[in-house]
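K.L.:
after the sequence you'll find the predicted model.
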Amino acid sequence: MQARINKLYTDKLDGIITEQFWAEKHNEWNNELAMLLRKIETNNSANQDYMELGIKPLELVENFYSRYLGQSLEQKVETLKIIFQNFYLDGQNVGYT
């Protein structure tokens, strides 16, 4: 896009296009360029947020087993209730709600 804007300016200097045409296209393309840059920045931010969101569960479970083993029986029960709160046992089958 920036290359098009630069070429447009060169055409204006060379007298290939009118001042009015240059001004219209220059404003139009600069606005389009600004919009594209905002979209890119938004996309980059979203990608970073998703990466951080994906890392958090990994960090939580990184030392989970050793911490779990060090808990009292009551703490282990509470931990398992939290982790498996959406699971149920129906006879011999485990399900998820």
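P.N.:
Received it, and whenever you're ready, just let me know what you need.
K.L.:
so the nearest residue to residue 30 once chain neighbours are set aside is in which element?
P.N.:
Computed as Cβ to Cβ, 6 or more residues apart in numbering, the closest residue to residue 30 that is not its neighbour in sequence is residue 5, at 6.7 Å. C-beta here means a position set from N, CA and C on the backbone, and glycine is covered the same way. The secondary structure element spanning residue 5 is helix 2-13 (assigned by DSSP states H and E).
K.L.:
and residue 3, how many residues sit next to it?
P.N.:
By other Cβ atoms under 10 Å, 7 other residues sit near residue 3.
K.L.:
which helix is the longest one in this structure?
P.N.:
Counting by DSSP state H, the longest helix found in the chain is helix 19-61.
K.L.:
about what we covered before: quick one: contacts for the residue nearest to residue 30?
P.N.:
Residue 5 is in contact with 26, 29-30, 33, counting by Cβ atoms under 8 Å, 6 or more residues apart in numbering.
K.L.:
as TSV, the residues you listed with pLDDT and neighbour count would be great.
P.N.:
Shown next, in TSV, are these (pLDDT from 0 to 100; neighbours: other Cβ atoms under 10 Å):
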residue	pLDDT	neighbour count
26	93	14
29	92	15
30	93	13
33	93	14
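K.L.:
how about the residues you listed in CSV, adding distance to residue 97?
P.N.:
Shown next, in CSV, are the contacts of residue 5 (distance: Cβ to Cβ, whole Å):
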residue, distance to residue 97
26, 59
29, 54
30, 54
33, 50
